[in-house]
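A.B. asks: Predicted coordinates and the sequence they were generated for:
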Amino acid sequence: MFNAIAEGRRRDILVFLADAERPVGDIVAALELAQPSVSKHLKVLRDVGLVDVRRHGRQMFYRTNVHAIRPLHEWAGTFERFWSHQLARVKERAERSTARRR
């Protein structure tokens, strides 16, 4: 799963599909990628369970599987305190710098 989202275009696809189920053509148009490239990325995402697919006639509709993303979110959340700490440090530095200029 981590290998699948390591590729930026796949993350873009997941974000695009998070709001609504979409056909491949919409993904191609919105992300300005070639159709074969989108299909390859969708296959990788589908193989690891990050997207769901539904067939309607000849068209395939894709949607982000938000339940499958939960473990990724939880894992990344373990590092949130480090990011928050870094942001707090940046804010403190900026405030000190502003106070010195006055």
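C.D. replies: Arrived safely, thanks for sending. Numbering: from 1, shown residues only.

A.B. asks: contacts and neighbour counts: CA atoms only from here.
C.D. replies: Will do.

A.B. asks: Would you indicate which residues of stretch 32-41 are buried?
C.D. replies: By neighbour count on 16 or more other CA atoms under 10 Å, the buried set for stretch 32-41 is V38, H41.

A.B. asks: which residues are contacting that stretch?
C.D. replies: Residues outside stretch 32-41 that contact it (CA atoms under 8 Å, 6 or more residues apart in numbering) are R9, R10, V24, G25, I27, V28.

A.B. asks: These, buried ones only, as a ChimeraX selection?
C.D. replies: In ChimeraX syntax, the buried subset of the contacts of stretch 32-41 is picked out as below (16+ other CA under 10 Å):
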select :9,10,24,27,28
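
A.B. asks: and of the contacts of stretch 32-41, the nearest to R100?
C.D. replies: R9 (43.5 Å; CA to CA).

A.B. asks: Roughly how far does that closest one sit from P71?
C.D. replies: Counting by CA to CA, to the nearest Å, the separation of R9 from P71 is 20 Å.

A.B. asks: And R101, by the same measure?
C.D. replies: To P71, R101 is 46 Å away according to CA to CA.

A.B. asks: The two: who's more crowded?
C.D. replies: P71 (12 against 6; other CA atoms under 10 Å).

A.B. asks: Can you say which helix or strand has that one in it?
C.D. replies: According to DSSP states H and E, P71 maps onto helix 66-77.
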